[in-house]
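**Student:** sharing a model that was predicted from the sequence below.
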Amino acid sequence: MLIKINGKAEEIKTGLSLVGLISFKGLCAEKLVIEHNLRIIPKEEWQGVVLQENDSVEILSFVGGG
Amino acid sequence: MLIKINGKAEEIKTGLSLVGLISFKGLCAEKLVIEHNLRIIPKEEWQGVVLQENDSVEILSFVGGG
Amino acid sequence: MLIKINGKAEEIKTGLSLVGLISFKGLCAEKLVIEHNLRIIPKEEWQGVVLQENDSVEILSFVGGG
Amino acid sequence: MLIKINGKAEEIKTGLSLVGLISFKGLCAEKLVIEHNLRIIPKEEWQGVVLQENDSVEILSFVGGG
Amino acid sequence: MGDFLEIAGKKINNRLFIGTGKFSSYPIMKVALEESGVDITTVALRRVNTGSKTENILDYIPSACKIMINTSGARDAEEAVRIARLAKAAQSGNWIKIEVIRDNKYLLPDNLETLKAVELLVKEGFVVFPYMSPDLSMARRMVEAGAAAIMPLGSPIGSNRGVKTRELIEILVNEIKLPVIVDAGLGKPSEACECMELGCAAVLVNTAIAISENPIKMAKAFAQAVYAGRVAYLSGIPATSKIANASSPLTGFLREDKT
Amino acid sequence: MGDFLEIAGKKINNRLFIGTGKFSSYPIMKVALEESGVDITTVALRRVNTGSKTENILDYIPSACKIMINTSGARDAEEAVRIARLAKAAQSGNWIKIEVIRDNKYLLPDNLETLKAVELLVKEGFVVFPYMSPDLSMARRMVEAGAAAIMPLGSPIGSNRGVKTRELIEILVNEIKLPVIVDAGLGKPSEACECMELGCAAVLVNTAIAISENPIKMAKAFAQAVYAGRVAYLSGIPATSKIANASSPLTGFLREDKT
Amino acid sequence: MGDFLEIAGKKINNRLFIGTGKFSSYPIMKVALEESGVDITTVALRRVNTGSKTENILDYIPSACKIMINTSGARDAEEAVRIARLAKAAQSGNWIKIEVIRDNKYLLPDNLETLKAVELLVKEGFVVFPYMSPDLSMARRMVEAGAAAIMPLGSPIGSNRGVKTRELIEILVNEIKLPVIVDAGLGKPSEACECMELGCAAVLVNTAIAISENPIKMAKAFAQAVYAGRVAYLSGIPATSKIANASSPLTGFLREDKT
Amino acid sequence: MGDFLEIAGKKINNRLFIGTGKFSSYPIMKVALEESGVDITTVALRRVNTGSKTENILDYIPSACKIMINTSGARDAEEAVRIARLAKAAQSGNWIKIEVIRDNKYLLPDNLETLKAVELLVKEGFVVFPYMSPDLSMARRMVEAGAAAIMPLGSPIGSNRGVKTRELIEILVNEIKLPVIVDAGLGKPSEACECMELGCAAVLVNTAIAISENPIKMAKAFAQAVYAGRVAYLSGIPATSKIANASSPLTGFLREDKT
């Protein structure tokens, strides 16, 4: 199944939730923020969001900046 | 009859045209520009505009400026 | 007897030593420096210098300065 | 015969006057100035100065400068 | 030298623009404009003083001069547009310097209202010159809106403080394809000259000339300084170095080598 | 305007002095001197290159120009005096610019040796112009020694850095009764103009003109900028203010009073 | 001295804000923030690099530090708002520095889009700090829109050029009732100190500290310079004079009067 | 940081020297010296006022402070030497700041008489600090004469004008192997900081501290600014650039590519 992660098309398996995606990507959930189809998803709802074909997911975190 | 000239209320006689007003005021028509009730009046129409009670007339000319 | 103290002529009694002069002037000897007739006099010699008519004495001390 | 011209040792023939030297060097006399053994030689005396062994001659002219 | 500025079909040889405010008399102003060979001058529009008969300033502007009307007095875009239309009706042409100012202390322009006025007046066919704060993002919008040039300030109007915004002016010159005309604050010929060396297309000077003891000489002096700065810009400003570079030759010295 | 500088009986109308070093050719230099109308120019004295036949620079200096010989190459007073005497013998006149330099990096003058040279040469009847560091105490000694003018530096020779010593130059202008001629470091017409606005009597420029892509135009540009700065100085430099002073009238606005 | 800056209920003792970009490592950054005693720091939000496991910068920010998220990367108001909302969702608080930049060369802010972002975000309850060009008219609109402070630039981001907009910053300090925080371009402690002497409420420094050979020492140095400048401002900047005023007494000299 | 200045065997940690003139009271001066941790301070020598009993300033100088006596009042080398000898006789040590001034308006030093005094006093075993005009050739002679440091002026004494001689100070720092201590004219902490960033070894401040509303705080502020400038110098002053260098990352932006 093809979705867009951070602007790039990627193949993922069907039925993955946001929590599953984070885990699959080897990321640490803490201090991440996720936008799913332009909607910000609070962390407590990540489990409930199951990714669909053509979804767009932005996974962001903080970096140094001035 | 009371009209407003350049923001100040003034008493003028009834039936005066813009040409008449200029003449009455002792001004030289050349290079003046007149706004009558917020409408710019071309010089060739000055004769035809007869002032009415409560009209507002702006008579402007050029001065030094930077 | 007339001597010059700090550029001004002053009348003092005869036979005064530098120590006597300091005492007479009500000054505190500590940290003063005295030039007698253009010669710097070490403090231990003050007692031995007896002032003569027309002598010139400079009595200096430290003040604030940049 | 060895003399020093502008700081460099040079071999010239015996009996040369300053005029002869200038001519030998192919220089134009006008606006040159010559110092012979640290003495400035006016142009009218150039003919009379005959160079001797070990003489020092400076031949100068004007150049651009700020 | 074949170098001229062209705006809206007008060839401008003299890159000094002179404002007509504050001269002690119109005849003196006229001579100052004539002798400095000015191509562009500014005037303002005001309510006539109906009680007195004053002379017409336009009679004292050399016929060779193109007149640019400023919208001084305007506090927002709407007022600026109203003044521009009146100016046009007075047959003084369609060159308009937009001045929209709400700040009475520093007379600094309101970039946003100025931009709105530019947008409106360009559509009505005016040739529009916005007096503005030297901000690149707003300058880019002035370009998009169709301004004929931009007129960033050097320092507050009439302050004679010079090009205090130099850093930003240089950026505008580099980034904006329109002529950059420094307007306001130039108090000395050297400052006008410096603007031209930076690559500005022109400068507008008023106070420093008009209130000088010698307005006529001062106008000519500014014109010469502007020309000089332009020549220097075109000829290439020489690089600077921290150390010296001899101007006289470094060889052929009359000296014994002291070793 | 009847304004001229007079030194040793010579009336100097053009307050731009031009040095002759580094021009790409003598003919170009000649035109630059002619077209800028220069009154005073400098040359240096060097050992002739006995192997080659070179042209005489003096043939390319307009006859109206007064020549000032510099003592470049001198490392102490004695060498400067020797060069001055040679220059005089070469019938190039008795105007001497003293340059005594021991510093090869910044080419900064040696004020003390320069002073000694001034003292000696004044006694021999020279008209002496010391190139110097802008130090008031030494400038006063130059006056006492009989210098014709003082020539403080703006920044290192050929550095094109401008009037970096402005603070000290201003003090010299205020305190020294002789003409103050800024020499060295002026890279742009605006900088020469600024010197004149400060009240300097003249400036000497060489590198910025000679190595320009357009030496002729640049010479004229500098001359105009110098003239402009002089006019501004004579007309009175206008006071500056932190806040604005309107150039257009502050009354007669076309507006309803918004209350 | 009981002097602190209060914004949105937060007491800020240290008027040096430090940005977290470009440090060679997070641990070094952490020590720099700790030892300089910084109260406010900025971070940016970026897409995670999904291929690698990187550390969380927030773990390296001292708990006493208030974090301000910048909207770097935003090219218009909409993008800035999106970033701000994401930042808030990430529980990093509601202090947002608006950066809307379309200019890739000078990274100059877009004042108009910045203003729009301020208007939107203030309504959503953010504490908003617009990074802006130093333009008074737009600064006034930022105030009306509810900004918590304004952050005018000193010179382009990371250019280390100092307070090149000094003239305009001074006007903002005088006219704007909000804290004025100079952001961008400060390369040396003296420049940060100068901002404070002008009356700015704070400065934000990043590049000059982060890329220094000694980021920790440099952070402390900037903090001290900022404090010094603040003290000088509060104590009253002494008036300047053209002439001297003796610091040692002018009487009681040891000297014969030489007449 | 293990960074200190060593002169004549004395380790100087604090590169701010404070002059003791013009304080409103000795007790305030004492606290200012103590709290700023000053290592070196200056005093002057004057005729006592024989009519009144005044306190001894030396009682108010912290014992850790090394005292440097200035020769203020001296108009030539001879007078300076006389003052120095008297100071030594008064057991205040042998550190002497030579001040030879004949100019009452700008209080500018007389470099030549100063040099003579240095030559004489070095031979008598004094540790000599000449206050001087920033002239390289004379500074080199001060070195040869055995000065312990050179003290060029930033601007006239007590003028608070800052480092107006920056160009020349930088050259001195580069060329002179002795410590360069800027003395006179520093009015704000940022200016003292700037001197240190240029590589000066120390600065001497008096008026700006002594006449401040808060001399104690101001003394500390100057000390911090001097330290900050020193750290910046040692850490390497970052290069400047005309264009920007982003402080936030230029990748990973949250945006659709708008094509």
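**Tutor:** On my side now, so go ahead.
**Student:** any idea how far residue A:45 is from residue E:220?
**Tutor:** Counting by C-beta to C-beta, to the nearest Å, the separation of residue E:220 from residue A:45 is 76 Å. Placement of C-beta: from N, CA and C, glycine included.
**Student:** more neighbours: which of those two?
**Tutor:** residue E:220 (22 against 15; other C-beta atoms under 10 Å in any protein chain shown).
**Student:** what about that one, which SS state?
**Tutor:** Assigned state for residue E:220: helix (three-state reduction, DSSP: H, G, I helix; E, B strand; the rest coil).
**Student:** is it true that it touches residue E:35?
**Tutor:** Yes: between residue E:220 and residue E:35 there is a contact under C-beta atoms under 8 Å: 5.6 Å.
**Student:** what segments of chain A are helices?
**Tutor:** A:18-25 (DSSP state H).
**Student:** in it, what residue lies closest to chain D?
**Tutor:** Nearest residue of chain A to chain D: residue A:66, at 46.9 Å (C-beta to the nearest C-beta).
**Student:** check which helix or strand covers residue E:208.
**Tutor:** Assigning secondary structure by DSSP states H and E places residue E:208 in helix E:207-210.
**Student:** output the contacting helices and strands for that helix.
**Tutor:** strand E:16-19, helix E:215-235 (3 or more C-beta pairs under 8 Å, 6 or more residues apart in numbering or on different chains; DSSP states H and E).
**Student:** quick one, which of these gets closest to chain A.
**Tutor:** Of all the helices and strands packed on helix E:207-210, helix E:215-235 comes closest under C-beta to the nearest C-beta, at 34.7 Å.
**Student:** and that closest one, what other elements does it pack with?
**Tutor:** strand E:16-19, helix E:26-35, helix E:189-197, strand E:202-205, helix E:207-210, helix F:189-197, helix F:215-235.
**Student:** doesn't residue E:154 make contact with residue E:186?
**Tutor:** Yes: contact criterion C-beta under 8 Å: residue E:186 and residue E:154 qualify, at 5.5 Å.
**Student:** mutual contacts of these two, please.
**Tutor:** E:162, E:163, E:195 (C-beta atoms under 8 Å, 6 or more residues apart in numbering or on different chains).
**Student:** quick one: which of those residues is most hemmed in?
**Tutor:** Neighbour max across the shared contacts of residue E:186 and residue E:154 (other C-beta under 10 Å) = residue E:195, 30 neighbours.
**Student:** what's the burial count for residue E:146?
**Tutor:** 15.
**Student:** quick one: residues contacting the residue positioned nearest the centre of chain E.
**Tutor:** The centroid of chain E falls nearest to residue E:204 when counting by C-alpha atoms, centre = their mean (2.2 Å). Applying C-beta under 8 Å, 6+ apart, we find residue E:204 in contact with B:66, E:17, E:18, E:19, E:42, E:151, E:181, E:182, E:183, E:184.
**Student:** just send the residues you listed back as JSON lines, with pLDDT too.
**Tutor:** Putting the contacts of residue E:204 into JSON lines (pLDDT from 0 to 100) gives the following:
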{"residue": "B:66", "pLDDT": "92"}
{"residue": "E:17", "pLDDT": "98"}
{"residue": "E:18", "pLDDT": "97"}
{"residue": "E:19", "pLDDT": "96"}
{"residue": "E:42", "pLDDT": "96"}
{"residue": "E:151", "pLDDT": "98"}
{"residue": "E:181", "pLDDT": "98"}
{"residue": "E:182", "pLDDT": "98"}
{"residue": "E:183", "pLDDT": "95"}
{"residue": "E:184", "pLDDT": "91"}
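**Student:** which single one of those residues is nearest to chain G?
**Tutor:** Taking the contacts of residue E:204 together and measuring to chain G by C-beta to the nearest C-beta, the closest member is residue E:184, at 12.0 Å.
**Student:** please report how far the residue nearest to the centre of chain E lies from chain H.
**Tutor:** Distance, residue E:204 to chain H, using C-beta to the nearest C-beta, to the nearest Å: 26 Å.
**Student:** surely residue E:167 is in contact with residue G:166?
**Tutor:** No: using C-beta under 8 Å, residue E:167 is not in contact with residue G:166; the gap is 9.5 Å.
**Student:** neighbour-wise, which of the two wins?
**Tutor:** residue E:167 (23 against 19).
**Student:** the more buried one: what secondary structure?
**Tutor:** helix.
**Student:** please, where are all the strands along the chain?
**Tutor:** Using chain A. Remark: strands assigned in chain A by DSSP state E are A:2-5, A:8-11, A:33-36, A:39-41, A:56-64.
**Student:** wrong one, chain E
**Tutor:** Using DSSP E, strands in chain E cover E:5-7, E:10-12, E:16-19, E:40-47, E:66-70, E:95-98, E:127-132, E:151-152, E:181-183, E:202-205.
**Student:** contacts only, for the closest residue to residue E:82 other than its chain neighbours.
**Tutor:** Spatial nearest neighbour of residue E:82, excluding adjacent residues (C-beta to C-beta, 6 or more residues apart in numbering or on different chains): residue F:254 at 6.9 Å. By C-beta under 8 Å, 6+ apart, residue F:254 lies in contact with B:35, B:58, B:60, E:45, E:46, E:47, E:73, E:79, E:82, E:83, E:86.
**Student:** residues contacting the fifth one?
**Tutor:** Right, the one you point to is residue E:46. Counting by C-beta under 8 Å, 6+ apart, residue E:46 has contacts B:60, B:61, B:62, B:63, E:73, F:249, F:251, F:252, F:253, F:254.
**Student:** likewise residue E:241?
**Tutor:** Residue E:241 touches F:156, F:158, F:159, F:160, F:161, counting by C-beta under 8 Å, 6+ apart.
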